[in-house]
Each structure stands twice: as structure tokens, then as C-alpha cells.
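>>> Fold the following, please.
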Amino acid sequence: MNSHSNFKTFLVLSPKKFQISVVDEINYKQIYKQEKIFENYLNKFDLNFLDTFLEKNIFRIEKILNKFIKNINLVIDYDDFFSLKISIKKNYNYELVEQNKLTLLLNEARDLCKDTFKENKIIHMIIENYNIDNVNYDNLPQNLKCNHISLDINFICLPNAFVKNLEKNINKYQISLNRIVSVNYINNLFLDRNLDLIKMAQLVIEGHNQNEVELVNKKTRINGFFERFFHFFN
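Numbering: from 1, shown residues only. Predicted structure coming up:
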């Protein structure tokens, strides 16, 4: 039996290259890495090439790990990402901002984005600013009472059809899609860090940005008011 029991698999997709990497999630030791570079490329993916790339590497990885890959994280560099920025406000009448109130406010913003762009999937939901009684904060203060709060939220989205095509290719190997991460978002988040792309993607998935709302297929809840990220039903 192979000793690699805790691992994460990342698939980097761009018009310039495909890369699949497997890392030990405890010590970030790289277990496997393979790339396919495209010298002549257009600004789109060739899904036939992707299928060939996956077929070539998935079975190799599973043989090395002596385990099946259950899910995979996609790290995507693609022009079809787009942003929608909205502000949403709530009056509190100098009440304490509690978990359920903030959850309702964020759910309202999420639903507004979904209703506006029905054919698109939210990939990242980031709170960029907290305006509390006309004072701006980068992060939410603790034990806060206020008359009103306004959130500036950035939604980074991809077309549903694009995501479904990628899922279809991945599902052929009985692998589910765990998370999608935008390369542009990663690069903007880690401007002052000298880290490789996979490490930055791993940090994003683990909740590095305390103002990113994580969308998961669970009931709407917040694990803790000042957790590093929030969990919502997607």
C-alpha cells in the first residue's frame, strides 16, 4: 500500500498548457506533475486534447497512489471569466450584527447575481468592502453594533455550459469536480508572495482570503462569525 493517503489533485487549464499535479496536503510535497505545452494555441480549450491528457495521466497517478482519485480542483486561466460587482445594504437600528443577519444579506446578494446571470456559475464570491455607518473596513469588526451596513461584493463567474463540458470530461474517469479557481484571482490575491500556482490555489481552497464566501452544497450556515470564510448553499 502506498503511503500517500492525504493528497489533492489539481488540473491547470489554459490555452497555453495543461498541467496535472498531485500534492501531499500535509507537507505540500509534490507527488506527481505532468504538463502538455501548446506552442500554437488559440484563446480556447480543445476538449479532445483534454480527454487525451486525462486518459494518459489519471491511471498513472492512481497507480502511483494505489488509490482512486475521487475529486479534482480546476485552476483555470481563461478569458471567459467575468466579474459582477454589487453593493447591498441593510439597516440594523443599532443592533448587533449577528450571524443569521449577515447570512441573509449575503444570500440576498448571491441570489441577485444568480437571477441576473442565470446561464453562469459563481466561482468566487468576495466581500471587497464593509461600509459600516459610513466608515469603510477591510474586514468585519467584532462585537459590532451599527445603524446600517453595506457590503461591496465581487462575483467572479463562468458560463454554465463551459463548466458542464469540463465536468463531463472529468466524470468519464469517475472523478467529481471539487473546486474551480481563477488564475487571475489567484495572481491578484498573492501579489507580494513568491509561491507557485498550485500552492496559491491550495491556499485559496483552504480559505486564505477571509473575505471570500465559499459556496458548498450544504444548507445555508456560517460555521463561526469570524471564521476565515463563510459556507453557503450553492
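
>>> residues in contact with K56?
For K56, the contacting residues are Q34, by Cβ atoms under 8 Å, 6 or more residues apart in numbering. For glycine as for every other residue, the C-beta is placed from the backbone atoms N, C-alpha and C.

>>> What is the neighbour count of the residue lying closest to N71 once chain neighbours are set aside?
Sequence neighbours aside, N178 is the residue nearest to N71 in space, at 4.0 Å (criterion: Cβ to Cβ, 6 or more residues apart in numbering). Close neighbours of N178, defined as other Cβ atoms under 10 Å, add up to 15.

>>> what does N100 give?
When neighbours are counted by other Cβ under 10 Å, N100 registers 10.

>>> State the distance from the most centrally placed residue in the chain to K33.
In the chain, the centroid-proximal residue (Cα atoms, centre = their mean) is V181; its distance is 4.2 Å. Look at V181 and K33: by Cβ to Cβ, to the nearest Å, they are 17 Å apart.

>>> now swap in K56 and tell me
13 Å.

>>> Show me the strands in the protein, by range?
Residue ranges of the strands in the chain, as given by DSSP state E, are 7-13, 17-24, 30-37, 71-76, 82-96, 120-132, 135-137, 145-159, 176-182, 212-216, 230-233.

>>> Now distance to D111 and mean pLDDT too, for those, in TSV please.
Output for the strands of the chain, formatted as TSV (distance: least, Cβ to Cβ, whole Å; pLDDT from 0 to 100):
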stretch	distance to D111	mean pLDDT
strand 7-13	29	96
strand 17-24	35	95
strand 30-37	39	94
strand 71-76	25	97
strand 82-96	10	90
strand 120-132	11	94
strand 135-137	24	93
strand 145-159	11	94
strand 176-182	20	96
strand 212-216	12	79
strand 230-233	10	44
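
>>> Can you add distance to E62 and give those back as TSV?
Putting the strands of the chain into TSV (distance: least, Cβ to Cβ, whole Å) gives the following:
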stretch	distance to E62
strand 7-13	10
strand 17-24	10
strand 30-37	10
strand 71-76	12
strand 82-96	35
strand 120-132	27
strand 135-137	47
strand 145-159	28
strand 176-182	15
strand 212-216	26
strand 230-233	30
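
>>> Thanks a lot, see you next time.
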